[in-house]
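A.B. asks: Here's my sequence, what's the structure:
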Amino acid sequence: MTWAVSQAAPLRNVVIDNSLMLFEYIDGDAAGYASGGWGSGLTIGGEVGFGSQQQFMIRSSTSSKFQDTVWNGVFVGNENPPPAACGIAETDTHQSQMSVVDTVPLVAEKPFIRTDEFAQKVSEASRKKDAPGRTSHRVQFLAFKTSIR
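C.D. replies: Purely as a prediction, here's the structure:
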């Protein structure tokens, strides 16, 4: 799946069977525009490729591998995060800046609306403290009726 975005387009609570590319791949050796973003509650069956992403934050997610970011990557409470890195190695001309925090100190997910064949429901996620890995909140749904005219 490709999610080539900038800051105002978060990716939340998605299950992806294969890999996730956070940039637009252009045939050859080039990447399109992408400039930062947010991902949380992701389950990714393959790798996460950052390509030309300048900065990205991923929280409470799991992937088989997070590849290096181009500039800045922040990883909080993820399974299989990349190793933390800061600065440029003496033998390398570029090294990604990777900030890694093992657990999420406190999180309360945003409410969201789900629709089934009978009604729309609003979620209320519980707060979690020191949560490692994908955040699977216990969610209570409140049913409400709507009429579409």
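A.B. asks: And what about the residue nearest the centre of the chain, helix, strand or coil?
C.D. replies: Central residue of the chain (C-alpha atoms, centre = their mean): Gly39, 2.1 Å from the mean position. Three-state assignment for Gly39 (DSSP: H, G, I helix; E, B strand; the rest coil): strand.
A.B. asks: Mind jotting down where the helices sit in the protein?
C.D. replies: Counting by DSSP state H, one finds no helices in the chain.
A.B. asks: Can you pull the domain assignment for it?
C.D. replies: 11-102, 107-144 (automatic domain parsing).
A.B. asks: Including mean pLDDT and distance to Trp3, could these go into TSV?
C.D. replies: C-betas here are computed from N, CA, C, even on glycine. Output for the domains of the chain, formatted as TSV (pLDDT from 0 to 100; distance: least, C-beta to C-beta, whole Å):
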stretch	mean pLDDT	distance to Trp3
domain 11-102	84	5
domain 107-144	66	17
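A.B. asks: Could you identify which of these is most buried?
C.D. replies: Highest mean neighbour count among the domains of the chain (mean count of other C-beta atoms under 10 Å): domain 11-102, with a mean of 17.
A.B. asks: Measure how far that domain is from the centre of its chain, please.
C.D. replies: 9 Å (C-alpha atoms, centre = their mean, to the nearest Å).
A.B. asks: distance between the ends of that domain?
C.D. replies: Domain 11-102 stretches 20 Å from its first residue to its last (C-alpha to C-alpha, to the nearest Å).
A.B. asks: ok, now stretch 23-31?
C.D. replies: Stretch 23-31: ends 7 Å apart by C-alpha to C-alpha.
A.B. asks: And for that stretch, what's in contact with it?
C.D. replies: The contact list for stretch 23-31 (C-beta atoms under 8 Å, 6 or more residues apart in numbering) reads 2, 4, 32-34, 49-53.
A.B. asks: hmm, 10 Å instead?
C.D. replies: 2-5, 21-22, 32-35, 49-54, 56, 70 (C-beta atoms under 10 Å, 6 or more residues apart in numbering).
A.B. asks: and what of stretch 7-14?
C.D. replies: Against stretch 7-14 from outside (C-beta under 10 Å, 6+ apart): 1, 3, 5, 20, 22, 34-44, 54-61, 109-110, 112, 123, 125, 134-137.
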